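Peer 1: Sequence unavailable; structure follows:
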């Protein structure tokens with residue numbers, strides 16, 4: 001168990017640093033977590049990711065009680081815990097990705113600009129705005145995640161979960177790309193309404209993507 005926790009923490013820090021390098025977050029914004037049994041390893045609040053090392057691990061139980069580390073957990077801990085309690089998530093990536101945040105301020109759902117949304121369950125929903133770090137935000141995110149593994153958060157960013165940090169991060173990057181594509185298409189049309197996929201097309205793609213990349 002100890003080795004698994006140490007590896008999970010290493011993966012959390014690596015993913016958080018990657019999100020900065022890829023421009024999905026700025027400074028200490030966003031947060032990353034991974035579940036190991038009944039423990040959740042999560043990035044701390046207000047600490048630049050490049051400063052985090054093996055001895056800085058922050059772990060809480062599913063009730064939010066801190067069981068490891070001296071740094072305070074991310075302010076978005078309530079949302080992470082809610083997702084772990086209510087879904088099969090093993091890892092979560094939350095970012096303030098610029099294109100996704102811009103789209104979250106424009107629509108209630110990301111228009112079906114690309115079938116890749118099917119990998120996250122279908123059309124991406126936007127969670128209503130609530131103050132960061134609150135139970136209200138956690139509930140709003142859970143509603144937007146219903147039958148999905150990713151969502152936008154209005155005027156805030158993205159939240160994606162997966163079976164692993166690699167999967168959650170890859171889908172986060174894909175979501176940011178889809179938002180960028182839609183914004184580009186929207187700005188290039190006279191009407192501001194680019195052609196999108198029908199719900200039938202999206203449903204077919206979603207079903208087909210369930211077996212994508214699996215032996």
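Peer 2: Perfect, thanks for sending it. Everything quoted here is computed from the prediction, not taken from an experiment. Numbers count the residues shown, from 1 in each chain.
Peer 1: Point me to the helix or strand that includes residue 47.
Peer 2: For residue 47, there is no host helix or strand (DSSP states H and E).
Peer 1: If we go by neighbour counts, what in stretch 162-172 is buried?
Peer 2: The neighbour-count check on stretch 162-172 (16 or more other C-beta atoms under 10 Å) flags 162, 165, 167, 168, 169, 171, 172 as buried. From N, CA and C alone the C-beta is placed, and that goes for glycine too.
Peer 1: among these, which are in helices?
Peer 2: If you go by DSSP state H, the buried residues of stretch 162-172 have 165, 167, 168, 169, 171, 172 in helices.
Peer 1: Thought residue 157 was touching the last one, still the case?
Peer 2: No. With the criterion set as C-beta atoms under 8 Å, residue 172 and residue 157 do not qualify as a contacting pair; they are 9.7 Å apart.
Peer 1: Show me whatever sits in contact with both of these two.
Peer 2: When contacts are counted by C-beta atoms under 8 Å, 6 or more residues apart in numbering, residue 172 and residue 157 are jointly contacted by 95, 97.
Peer 1: Can you pull the poorly scored residue ranges out of the chain?
Peer 2: Across the chain, the ranges flagged by pLDDT under 70 are 1, 213-215.
Peer 1: what about the residue nearest to residue 114 when sequence neighbours are not counted, which SS state?
Peer 2: For residue 114, ignoring the flanking residues on the chain, the nearest one in space by C-beta to C-beta, 6 or more residues apart in numbering is residue 178 at 5.2 Å. Judged by DSSP: H, G, I helix; E, B strand; the rest coil, the three-state class of residue 178 is helix.
Peer 1: who touches residue 178 in this structure?
Peer 2: 110, 113, 114, 116, 117, 124.
Peer 1: What residue in this protein is the furthest from its centre?
Peer 2: The outermost residue of the chain, judged against the average C-alpha position, is residue 190 (32.4 Å), by C-alpha atoms, centre = their mean.
Peer 1: one step back: in a markdown table, list the buried residues of stretch 162-172 along with distance to residue 194.
Peer 2: Below are the buried residues of stretch 162-172 laid out as a markdown table (distance: C-beta to C-beta, whole Å):
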| residue | distance to residue 194 |
| --- | --- |
| 162 | 28 |
| 165 | 32 |
| 167 | 28 |
| 168 | 28 |
| 169 | 27 |
| 171 | 22 |
| 172 | 23 |
